[in-house]
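Asker: Task: produce atomic coordinates for the following.
(chains A and B)
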Amino acid sequence: MTQLVKVARIQLVNARMVLGLPLLVLACVLAANIVIFMAIQAPESPGESPVTGALVSIYIVTLVTHVQTMTQMFPFALGLSITRRDFVASAGLVVVGQALLYGVVIWVMSLLEGATGGWGLDLAMFDLPFLEQSNVVTQILVYTGPFLLLSFAGLWTGIVYQRWGQPGVWVLALSIGAALVGLLALIGWQDWWQQVFDFFAETPTLLLFAAYPALIAAVLAVATYATSRRAVP
Amino acid sequence: MSVVSLQGVTKRYGDTRAVDDVSFDLHENRIHGLLGRNGAGKSTVMRMLTGQEVPTSGRIRVFGENPYENADVLHRVCFIKESQRYPDIFIARHALEAAALVFPNWDQDFADRLVDEFRLPLKQRVRKLSRGQLSAVGVIIGLAARAPVTLFDEPYLGLDAVARQAFYDHLIADYTEHPRTIVLSTHLIDEVADIIEHVTVIDRGRIVMDDSSENLRSQAVTVSGPTKAVEQFSDGHDVLHREDLGGFTRVLVAGVPSERETASLQVEPVSLQQLVVRTTQFHDAALAGAGTGNGLGNGTGTGTGKGDRS
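Answerer: As a prediction, the model looks like this:
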């Protein structure tokens, strides 16, 4: 365990950059959104409260960060005689901690958003209606789940690159694309659209945004470890 | 005592054998030179014995265990390579902080002194460091880590002569105080000739020389004089290199018994660099010629003439 903490600390040697950058991006995106919505909202006609999907930015940045965890930090760590097992395990530790931290941050931001009357504009960026939970813990988990999913997706993509290079990433991307197209075709052909909509509408938010993403994240974590076994720095 | 042992280790990449049936040992508390041309397989050997790559076949033992994914073994091993990449988000100080976290024998004072000496700008982004400064990061980590097995793979690309000498001086001084097993892989054979106690030469993935520096130096001599006398002298021995000029000949010959007649000849000791270069060439020629030549062979001729240098 102490070894894992040590390796995690190596990943966080530049914590300001690793943990701070996504938050900085989030802050910039928030500022940009406030400016944009101030500009487009005619003050004399208070229409319905606007909703922005800009929150997705921090999730994307986190994914990219963790691709780099594998393409840059992994070769460095192996160069310091750290085993792949210890590195992947501690990367998992960092990801889970970071996801929870960001979950809390976004929850706090949603409170701020409420307190400031949607940043003075009735704008909803954090307190999104379809994510609403009745208690604090599940609310934070709902924000945390997608971080887990995307971070582990980033780690796996990174280690695929590390092991098989650019061709590996292309094959991965094309395979996922083909699988999606196939799935859509299947749904269309079997006329399952109604069931799909029902699934998303009826599945509780906590399952959809926390439990299922965490489950997929676990699968990706195993895939990351398996791929790392023969990856070289 | 041997701390690292390779037995029949082969590494294939597709059709090429980067390392071909290699066996040798690294001994406790000794400075080894792992020498050879570019692409000879030196780095691949070192990557395998630090668990970064897995051999296609053969057996590798470090402290008696397989190093692959073996944390117990690996935290006693420090491998500094020229091609080491550092994360883009790092400044130089981060790399040293990370090393300090991992290596149990890390000496921070020593690291600080080395930073001063190599004039490493600690706050510089790693990406912005010059080639030489980047090498200094590796050299400082390798020295201050004080790992029982420390491997330096071309550690000083871009370092100026003064910095290289500083590296050698610190290496020897610190090695004397804190003995450990060190491997120096380099092209600059002359520079390290006085430091290394054991020489392993690898060529085309095979070991062509593996002996103590002392033995190797006494095994081979340069002989010059009238062609006939030189030929007589070297008869029946491996002539690694030959130059003819008029009636005079100069040969580099291996494994000459001490009782040979040297009256009309000039016999000189051979520098390690000459010996390595000529042996490698000899080995290459033998390979190109009649199938599998055996150069100066694995551990050849202990018991050949010592001290016949005058």
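Asker: Which strand residues bridge the closest residue to chain A within the stretch 151-300 of chain B?
Answerer: Residue nearest to chain A within the stretch 151-300 of chain B (Cβ to the nearest Cβ): residue B:151, separated by 10.2 Å. Placement of C-beta: from N, CA and C, glycine included. Assessed by DSSP bridges, residue B:151 has beta-bridge partners residue B:79, residue B:183.
Asker: Please give me every residue in contact with it.
Answerer: B:46, B:49, B:50, B:77, B:78, B:79, B:80, B:182, B:183, B:185 (Cβ atoms under 8 Å, 6 or more residues apart in numbering or on different chains).
Asker: Run a quick neighbour tally on residue A:222.
Answerer: Residue A:222 has 13 neighbours, counted by other Cβ atoms under 10 Å in any protein chain shown.
Asker: confidence score at it?
Answerer: In the prediction, the pLDDT value recorded for residue A:222 is 97.
Asker: Checking my notes, it in a strand, right?
Answerer: No: judged by DSSP: H, G, I helix; E, B strand; the rest coil, residue A:222 forms no part of a strand; its state is helix.
Asker: what residues does chain A put near chain B?
Answerer: By Cβ under 8 Å from any Cβ of the partner chain, the residues of chain A that approach chain B are A:3, A:6-7, A:9-10, A:13-14, A:17-18, A:68, A:72-73, A:75-76, A:78-86, A:229-230, A:232-233.
Asker: For residue A:11, which non-adjacent residue is spatially closest?
Answerer: residue A:94 (5.2 Å; Cβ to Cβ, 6 or more residues apart in numbering or on different chains).
Asker: Please disregard the earlier target; I meant residue B:222.
Answerer: Counting by Cβ to Cβ, 6+ apart, residue B:222 lies nearest to residue B:268, which is 4.7 Å off, once chain neighbours are set aside.
Asker: Look up the pLDDT of the residue nearest to residue B:76 when sequence neighbours are not counted for me, please.
Answerer: Excluding the flanking residues, the one nearest residue B:76 by Cβ to Cβ, 6+ apart is residue B:148, at 4.6 Å. Note on residue B:148: pLDDT of 97.
Asker: measure residue B:148 to residue B:121 for me?
Answerer: With distances taken as Cβ to Cβ, to the nearest Å, residue B:148 is found 31 Å from residue B:121.
Asker: Ok, residue B:100 next?
Answerer: Relative to residue B:121, and taking Cβ to Cβ, residue B:100 is found at 18 Å.
Asker: give me the low-pLDDT residue ranges for chain A?
Answerer: A:1, A:42-48 (pLDDT under 70).
Asker: Now list the buried members of the residues of chain A next to chain B.
Answerer: For these, a burial check counting by 16 or more other Cβ atoms under 10 Å in any protein chain shown picks out A:3, A:6-7, A:9-10, A:13-14, A:17-18, A:68, A:72-73, A:75-76, A:78-86, A:233.
Asker: Based on its surroundings, how many neighbours for the residue nearest to residue A:11?
Answerer: Residue A:94: 25 surrounding residues under other Cβ under 10 Å.
Asker: Please apply the same query to residue B:200.
Answerer: 24.
Asker: For it, which non-adjacent residue is closest in space?
Answerer: In space, residue B:200 is closest to residue B:210, 4.8 Å off (Cβ to Cβ, 6+ apart).
Asker: Give the burial count for the one you found, as a bare number.
Answerer: For residue B:210, using other Cβ under 10 Å, the count is 21.
Asker: For the strand or helix carrying it, which helices and strands make contact with it?
Answerer: In this structure, residue B:210 sits in strand B:206-212 according to DSSP states H and E. Where contact means 3 or more Cβ pairs under 8 Å, 6 or more residues apart in numbering or on different chains; DSSP states H and E, strand B:206-212 is packed against strand B:16-27, strand B:198-203, helix B:272-288.
Asker: For chain A, just list every one of the helices.
Answerer: A:2-11, A:15-40, A:56-68, A:74-79, A:84-115, A:136-189, A:193-202, A:205-206, A:212-228 (DSSP state H).
Asker: Distance to residue B:57 added to those, as CSV?
Answerer: Formatted as CSV, the helices of chain A follow (distance: least, Cβ to Cβ, whole Å):
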stretch, distance to residue B:57
helix A:2-11, 31
helix A:15-40, 40
helix A:56-68, 34
helix A:74-79, 23
helix A:84-115, 21
helix A:136-189, 21
helix A:193-202, 52
helix A:205-206, 52
helix A:212-228, 23
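Asker: For those helices, state which one has the densest average packing.
Answerer: helix A:74-79 (a mean of 23; mean count of other Cβ atoms under 10 Å in any protein chain shown).
Asker: who are the neighbours in contact with the residue positioned nearest the centre of chain A?
Answerer: In chain A, the centroid-proximal residue (Cα atoms, centre = their mean) is residue A:147; its distance is 2.9 Å. Residue A:147 makes contact with A:59, A:62, A:95, A:98, A:99, A:102, A:103, according to Cβ under 8 Å, 6+ apart.
Asker: What is the nearest of those residues to residue A:123?
Answerer: residue A:59 (18.9 Å; Cβ to Cβ).
Asker: My understanding was that that closest one contacts residue A:150; is that so?
Answerer: Yes: using Cβ atoms under 8 Å, residue A:59 is in contact with residue A:150, at 5.2 Å.
Asker: what about the helices in chain B?
Answerer: Ranges of helices within chain B are B:42-49, B:71-74, B:92-102, B:108-117, B:131-144, B:161-177, B:189-192, B:213-219, B:227-234, B:272-288, based on DSSP H.
Asker: if we can go back for a sec, ok, of the helices and strands packed on strand B:206-212, where does mean pLDDT dip lowest?
Answerer: Looking at the helices and strands packed on strand B:206-212, the bottom one is helix B:272-288 with a mean of 87.
Asker: Now do that one: which elements does it pack against?
Answerer: Packed against helix B:272-288 by the contact rule (3+ Cβ pairs under 8 Å, 6+ apart) you find helix B:189-192, strand B:198-203, strand B:206-212, helix B:213-219, strand B:238-245, strand B:248-254.
Asker: Quick check: which of the ones you listed is buried the most?
Answerer: Most buried among these, counting by mean count of other Cβ under 10 Å: strand B:198-203, with a mean of 24.
Asker: That one to strand B:16-27, inter-axis angle?
Answerer: Orientation of strand B:198-203 against strand B:16-27 (axes from the mean of the first three to the mean of the last three Cα atoms, to 10 degrees) gives an angle of 170 degrees.
Asker: so what strands line up beside strand B:198-203?
Answerer: Going by DSSP bridges, the partners of strand B:198-203 are strand B:31-35 (parallel), strand B:206-212 (antiparallel).
Asker: Columns mean pLDDT on top of these, output as a markdown table?
Answerer: Below are the strands paired with strand B:198-203 laid out as a markdown table (pLDDT from 0 to 100):
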| stretch | mean pLDDT |
| --- | --- |
| strand B:31-35 | 96 |
| strand B:206-212 | 93 |
